[in-house]
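# here is a sequence with its predicted model. Questions after.
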There are 2 protein chains.
Amino acid sequence: MIVALSGGIGGAKLALGLAHVHDPAELLIVANTGDDFTHLGLAISPDIDTLLYTLAGLDNPDLGWGRRDETWAAMETLEALGGETWFRLGDRDLALHLARTEMLRAGHTLAAVTDRLRRRLGVTPRILPASDDPVRTRLDTDQGELDFQEYFVHRRCVPAVRAIAFAGAATARPLPAVIDAIATAEAVVICPSNPFISIDPILAVPGLRAALAATPAPVVAVSPLIGGRAVKGPTAKMMSELGLPVTAGAVAAHYADLLDFFVADPDDAAALAEIDASVVAAPTLMRSLADKQALARIVLAAAGVPVLSRTGG
Amino acid sequence: MIVALSGGIGGAKLALGLAHVHDPAELLIVANTGDDFTHLGLAISPDIDTLLYTLAGLDNPDLGWGRRDETWAAMETLEALGGETWFRLGDRDLALHLARTEMLRAGHTLAAVTDRLRRRLGVTPRILPASDDPVRTRLDTDQGELDFQEYFVHRRCVPAVRAIAFAGAATARPLPAVIDAIATAEAVVICPSNPFISIDPILAVPGLRAALAATPAPVVAVSPLIGGRAVKGPTAKMMSELGLPVTAGAVAAHYADLLDFFVADPDDAAALAEIDASVVAAPTLMRSLADKQALARIVLAAAGVPVLSRTGG
């Protein structure tokens, strides 16, 4: 089993690559739930959804979020009725949230609901939260304390971040299936997601960090920064606001003792100061499926895991 | 002020006619809320919605419910995800329920929410529930005790009805604006809606029946039956199951002492046994807008209320 810790879009790209170069039934993706929130009464799990859509081939390549072939009749109507429309919910996406919310209300766990949605969408790799209990990212900013989506979507990451907290993390119970999978994995991959708001909420669940530290499996992280820039999202801006150098090295340092291997773009790898992990220099920008597969192969090769014979590009 | 008590489609047709032949700003429609229910976490008020859509010119003439120009992406997706789809919610209709549910959750009353939606949809006549408190129609049937929508939509009115109850009615507080409007109305119209499941839930709210009995305004009811048949819905089947003759006379008798005038189709009017109200024979089938206006004129004429000069057909 390969275990991948992932946020949304960047992580989902590598997860898709992994699902193509390794037996997808032997891939477990632990998804960030720090972005989860309740909006219009709907339980929304943006990173789980991005993983579901990406792995089902339903992701929207134009928007970078939401579903392919989406329509917006409900949002248009909600706007006409004076409802809240700053968080855009397509008609098909809305249905996923309705289904999830209804199952949660019926008493199913987030893990069980996510698994049912995954199967319904024909996704083979398992996708699980680190915990069924809510872990919610809250940002202390120059505009005050903000819930994640208020910062991320409503205010478009404009506020300067001073500190980050994960409400609920201290008492969240880790999912035994996740702890067990990490303990017995062939490899653990930390996807090129934002370390502070996509991976840290996972690591904040009690037992997760210890499981990663204790696993005999190699732990491989991929840098989300390329040449001091994030491919997408506020990683670079946030690092700068947090007083960190905006470098792959700072990302590696953030994961510190957890890592066995750190994959960074060649220029970034060359500039890396000495770190505790072995550095692997490789192109990390993933535009095509071939890019995703190539990076997945490099990650698995670093971990010493055999890959499937070349498929696709 | 004209006050009209109304259920869904038949009542909404007459309400639209009234809005065309009388100052629509002087029309208050008291809507049945016995059909209201929570589905997929959404607060749905089918009769209020039918009134809103009909009076906004947004009603769906093909379906007889829901919105015109509707799309079904969310329902299609919900079905693919294994969600509940027996109650069909179009994408635009869904937005109305999301908006209503969110406003109710924020603490607004059903009356306030309905008023806000009405204004947003550009509807001039006021639409109010008889009470902000829930009144829910429950049917005792040969298939057991059923919630209204379970009987009406899910089981397509197949179960035989033995008795009808209105949960919550005994403790529901009447809306003062409705009681006052009835007391000071020029006329009260009981629309051609199902007496047992559309009008009775309104009359079951404490104070409503007394207000109708006490008002100096003429009370005019329109028969929902034509030649022993309902234009739409289970009225005839239900009357038969309740052991009543399936006649306009039985409808008039049901309203008994409340009525001053009873409007029925000519053949039905001729066959009416002596009742306490004055009988007005007139065509009651409303296909076109002209039909609706014509019936509205007859209703207001019976009540002695002046009508606007002829508009439309």
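Sure thing, it's come through.

# could you look up the SS state of the closest residue in space to residue A:145 that isn't next to it in sequence?
Closest residue to residue A:145 apart from its sequence neighbours, by C-beta to C-beta, 6 or more residues apart in numbering or on different chains: residue A:138 at 6.1 Å. For glycine as for every other residue, the C-beta is placed from the backbone atoms N, C-alpha and C. Assigned with DSSP: H, G, I helix; E, B strand; the rest coil, residue A:138 falls in the strand class.

# ok, residue A:138 touching residue A:163?
No. Contact criterion C-beta atoms under 8 Å: residue A:138 and residue A:163 do not qualify, at 9.2 Å.

# which one of the two is surrounded by more residues?
Each of residue A:138 and residue A:163 has its neighbours counted (other C-beta atoms under 10 Å in any protein chain shown); residue A:138 has more, 18 against 11.

# measure stretch A:25-37 end to end?
Chord length of stretch A:25-37, first to last residue, is 29 Å (C-alpha to C-alpha, to the nearest Å).

# ok, now stretch A:269-281?
Its first and final residues considered, stretch A:269-281 spans 5 Å by C-alpha to C-alpha.

# can you name the residues in contact with it?
Applying C-beta atoms under 8 Å, 6 or more residues apart in numbering or on different chains, the external contacts of stretch A:269-281 come out as A:220-221, A:247-249, A:252-253, A:255-257, A:259-266, A:282, A:298, A:302.

# for the residue nearest to residue A:145, give its distance to chain B.
22 Å (C-beta to the nearest C-beta, to the nearest Å).

# hang on, the earlier thing: filter the contacts of stretch A:269-281 down to the ones near chain B?
Here nothing survives when the contacts of stretch A:269-281 are matched to chain B using C-beta under 8 Å from any C-beta of the partner chain.

# for the residue of the stretch 151-300 of chain A found nearest chain B, what are phi and psi?
Nearest residue of the stretch 151-300 of chain A to chain B: residue A:154, at 15.6 Å (C-beta to the nearest C-beta). Per-residue torsions, residue A:154: phi -70, psi -40 (degrees, to the nearest 10).

# coming back round to it: give me the buried subset of the contacts of stretch A:269-281.
Buried by 16 or more other C-beta atoms under 10 Å in any protein chain shown: A:220-221, A:247-249, A:252-253, A:255, A:259-265, A:282, A:298, A:302, out of the contacts of stretch A:269-281.

# just the ones in helices from those, please.
Using DSSP state H, the subset of those located in helices is A:248-249, A:252-253, A:255, A:298, A:302.

# could I get those as TSV with distance to residue A:180?
Output for these, formatted as TSV (distance: C-beta to C-beta, whole Å):
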residue	distance to residue A:180
A:248	31
A:249	33
A:252	27
A:253	29
A:255	22
A:298	27
A:302	23
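
# would you check which pair of those lies furthest apart?
In those, two members sit farther apart than any others by C-beta to C-beta. They are A:253 and A:298, at 21.5 Å.

# beta partners for the residue nearest to residue A:145?
Beta-bridge partners recorded for residue A:138 (DSSP bridges): residue A:147, residue A:165.

# for it, give me its contacts.
A:145-148, A:164-167.

# can you pull the contacts of residue A:212?
Shown in contact with residue A:212 (C-beta under 8 Å, 6+ apart): A:182, A:188, A:203, A:219, A:258.

# close to chain B: what parts of chain A are there?
Residues of chain A lying close to chain B by C-beta under 8 Å from any C-beta are A:40-42, A:70-71, A:73-78, A:80-84, A:90-92, A:94-96, A:98-99, A:101-102, A:105, A:116-117, A:120-121.

# let's have the ones in helices among the buried ones among the contacts of stretch A:269-281 in JSON lines, adding pLDDT.
Formatted as JSON lines, those follow (pLDDT from 0 to 100):
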{"residue": "A:248", "pLDDT": "94"}
{"residue": "A:249", "pLDDT": "93"}
{"residue": "A:252", "pLDDT": "95"}
{"residue": "A:253", "pLDDT": "94"}
{"residue": "A:255", "pLDDT": "95"}
{"residue": "A:298", "pLDDT": "97"}
{"residue": "A:302", "pLDDT": "96"}
